[in-house]
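Undergrad: give the three-dimensional model of this entry:
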Amino acid sequence: MEIPPKSPDGSEKSPQSKELITSNTASTLCMSSRSESMWTSTSRSKWDIYHKPVIVVSVGAAIFLFGMVITSLPCFLNENKKVYKMCGPAILSLGLMLLVCGLVWIPIIRKKQKQRQKSQFLQSLKSFFCNR
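TA: This next block holds a predicted model:
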């Protein structure tokens, strides 16, 4: 029969128990890191729901406009034309990408809100009929 080696800190725990503690902690952290539970029924304001996509759309529109300005600079300035011609379209495409991502994000949030409302309604119906 083998005697497991003692750990340097003097504790007698086996490696398996340390693994269990670590994995348990990781699952607890994962569960507590969720921002919103399906069971919470607190209503949130429109700004709380849509603030992230609105910020992404605003930043995307600003970068897109800045890209348009940089792209049009070679028409008016004679120096550094190559730099403007390289950087302008890159900034323009980055702004357009952010703008489109934000605009697509808004209908996705609306759909999730409708599904959440349906789910809460069905849960209340279920609890009403099951508790009788």
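
Undergrad: max-length helix in this structure?
TA: Using DSSP state H to define each element, the chain has its longest helix at helix 81-130.

Undergrad: name the helices or strands packed onto it?
TA: Counting contacts by 3 or more Cβ pairs under 8 Å, 6 or more residues apart in numbering; DSSP states H and E, helix 81-130 packs against helix 46-76. (C-beta placed from N, C-alpha, C; glycine too.)

Undergrad: how big is the angle separating the helix it packs on from helix 81-130?
TA: Regarding helix 46-76 and helix 81-130, their directions subtend 170 degrees when assessed with axes from the mean of the first three to the mean of the last three Cα atoms, to 10 degrees.

Undergrad: same for helix 46-76, what does it pack against?
TA: In terms of contacts (3+ Cβ pairs under 8 Å, 6+ apart), helix 46-76 is packed against helix 81-130.

Undergrad: let me see the mean pLDDT of the helix it packs on.
TA: Averaging pLDDT along helix 81-130 yields 89.

Undergrad: tell me the contacts of Leu92?
TA: The contact partners of Leu92, by Cβ atoms under 8 Å, 6 or more residues apart in numbering, come to Phe64, Gly67, Met68, Ile70, Thr71.

Undergrad: repeat that with 6 Å
TA: Neighbouring residues of Leu92 by Cβ atoms under 6 Å, 6 or more residues apart in numbering: Gly67, Thr71.

Undergrad: and it, how far is that from Ile70?
TA: The span separating Leu92 from Ile70 equals 8 Å under the rule Cβ to Cβ, to the nearest Å.
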